[in-house]
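> The following comprises the amino acid sequence and a computationally predicted model.
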Amino acid sequence: MLKKKQYTSWTELLTDAYHLGMANMDPLHLEKAKDWLMADLNSSFLRGSDDPCVRPSGGINCAAMTQLLSQGHGQSEGEDLPRMLFATGHFHHNLAYAAFMSALPQEAFFLKVEEEVDLTMDWWPKMAGFRQQGHIDLQLRCLDPEWLAPNVPPFIIADIKTKHSLGMKRTKDIVEPSNDIWGNLDQLAVYSDLKGTLEAGALLIYLNREVPKAKGSRIKVQYVFPEHLQEAGDNVRRRVGLASKKGEAKLDPELWLRKQSGERTFMPCQGYCPVQAECESLRA
């Protein structure tokens with residue numbers, strides 16, 4: 001177990017817990033991880049093709065993407081890459097959960113993993129084209145105030161993302177909507193609003209799926225400031241608001257427009273957008 005001390009951030013605490021837990025895995029938590037892994041493998045490879053829709057985990061990082069997905073565009077058949085990515089990501093997710101639970105004492109921390117939730121916020125459209133359920137990767141509650149500095153929120157939501165080594169190096173020290181083109185903050189903002197934790201901020205946990213030898217490059221826990229989380233939430237509300245008009249609103253390909261203005265950042269519409277073809281035809 002992690003030795004008790006007052007941590008100045010969840011970032012420092014979870015980084016220490018991850019490395020300690022991975023090196024000293026509790027057999028009971030490892031068994032749980034194995035069960036989760038088997039379920040996730042089945043989910044990744046044996047599930048049928050989902051109809052296109054807007055959900056917290058995808059399609060809310062560009063207004064045009066949200067608009068077109070909500071209208072049923074973006075259907076793909078027989079693609080294996082997303083299934084492999086889901087399976088690989090879940091492998092690292094589940095081992096991280098087991099590591100955290102192995103290192104954090106139960107009397108001091110309560111962890112809720114992969115909670116299925118209903119999207120009951122009044123601003124989330126209750127109509128076809130919008131998924132009404134989602135799941136939160138990780139919720140962390142500190143039960144013993146002596147573990148965290150007074151300014152650290154005792155309850156916080158976290159989302160885990162896997163990256164390759166180059167992607168780990170390119171992660172920003174401060175994640176905000178202007179540099180979050182993949183919608184990581186958008187997803188966290190939706191769930192933080194649902195749970196009433198926008199003022200606490202949130203956590204992005206990046207895991208290196210290439211598993212390098214260097215200890216410092218295996219995990220990066222980043223705190224998302226409340227103001228950036230709120231801004232991301234405002235962006236999501238704007239996008240789903242446009243999409244809920246079902247074709248009545250003008251298409252807003254905001255990421256593509258940023259690229260046309262001269263921004264050098266790689267954009268999802270350069271090959272990673274599920275509605276790329278439809279968007280291209282409509283904005284031409």
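Perfect, thanks for sending it.

> how about the helices in this protein?
All helices of the chain, identified by DSSP state H, fall at 10-23, 27-46, 63-70, 81-103, 165-170, 184-195, 226-243, 254-260, 276-283.

> Okay, angle between the fourth one and helix 10-23 too, please.
For helix 81-103 and helix 10-23, the angle between their directions (axes from the mean of the first three to the mean of the last three C-alpha atoms, to 10 degrees) works out to 90 degrees.

> For L119, give me its contacts.
Going by C-beta atoms under 8 Å, 6 or more residues apart in numbering, L119 touches P56, R131, Q132, Q133, G134, V190, L194. All C-beta atoms are positioned from the backbone trio N, CA, C, and that covers glycine.

> mind listing which of these are in strands?
Cross-referencing these against strands under DSSP state E gives Q133, G134.

> what about burial for the contacts of L119, which qualify?
P56, R131, G134, V190, L194 (16 or more other C-beta atoms under 10 Å).

> Can you verify my assumption that the first one contacts D193?
No: between P56 and D193 there is no contact under C-beta atoms under 8 Å: 10.1 Å.

> thinking again about what came up before, between which two of the buried ones among the contacts of L119 is the distance greatest?
Greatest spatial distance in those: R131 and L194, 13.3 Å, computed using C-beta to C-beta.

> Backbone dihedrals for the closest residue to A63 other than its chain neighbours, please?
Among residues not flanking A63 along the chain, D252 sits closest, at 3.8 Å (C-beta to C-beta, 6 or more residues apart in numbering). Note on D252: its backbone torsions stand at phi -120, psi 90 [degrees, to the nearest 10].

> Tell me who's in contact with D252.
A63, A64, Q67, L242.

> Could you export those residues as TSV, including pLDDT and neighbour count?
Listed next are these as TSV, based on pLDDT from 0 to 100; neighbours: other C-beta atoms under 10 Å:
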residue	pLDDT	neighbour count
A63	97	23
A64	97	26
Q67	97	30
L242	96	19
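
> Tell me how far G247 lies from L68.
According to C-beta to C-beta, to the nearest Å, G247 stands 10 Å off from L68.

> Look at those two and report which has more neighbours.
L68 (28 against 11; other C-beta atoms under 10 Å).

> what's the closest non-adjacent residue to the more buried one?
V275 (4.0 Å).

> burial measure for the one you found, as a count.
V275, neighbours per other C-beta under 10 Å, totals 23.

> My guess is it contacts G74. True?
Yes: contact between V275 and G74 holds when scored by C-beta under 8 Å: they sit 4.4 Å apart.

> Report the set of residues contacting both of the two.
Contacts common to V275 and G74, judged by C-beta under 8 Å, 6+ apart, are P52, L68.

> What distance do you get for P212 to R218?
6 Å.

> okay, these two: which has more neighbours?
Higher neighbour count among P212 and R218: R218, with 21 against 11, using other C-beta under 10 Å.

> could you pull out the strands for the stretch 101-250 of the chain?
For the stretch 101-250 of the chain, the strands defined by DSSP state E, counting those that start in this stretch cover 109-118, 133-142, 155-163, 202-208, 219-224.

> name the helices or strands packed onto the worst-scoring helix or strand of the chain on mean pLDDT?
Counting by mean pLDDT, DSSP states H and E, the chain has its least confident helix or strand at helix 165-170, which shows a mean of 85. Where contact means 3 or more C-beta pairs under 8 Å, 6 or more residues apart in numbering; DSSP states H and E, helix 165-170 is packed against strand 202-208.

> show me the contacts for S102.
L20, G21, N24, M25, D26, H29, L30.

> remind me which residues of the stretch 51-200 of the chain are low pLDDT?
Within the stretch 51-200 of the chain, the ranges that satisfy pLDDT under 70 run 76-81.

> Repeat the analysis, applying 90 as the threshold.
Applying pLDDT under 90 to the stretch 51-200 of the chain picks out residues 51, 74-90, 164-174.

> what number of residues lie near H29?
18.

> ok, it to S102 distance?
Taking C-beta to C-beta, one finds H29 at 5 Å from S102.

> Need the overlap of contacts for those two.
G21.

> Quickly compare the strands of the stretch 101-250 of the chain and say which is most buried.
Counting by mean count of other C-beta atoms under 10 Å, strand 202-208 has the highest mean neighbour count of those, with a mean of 22.
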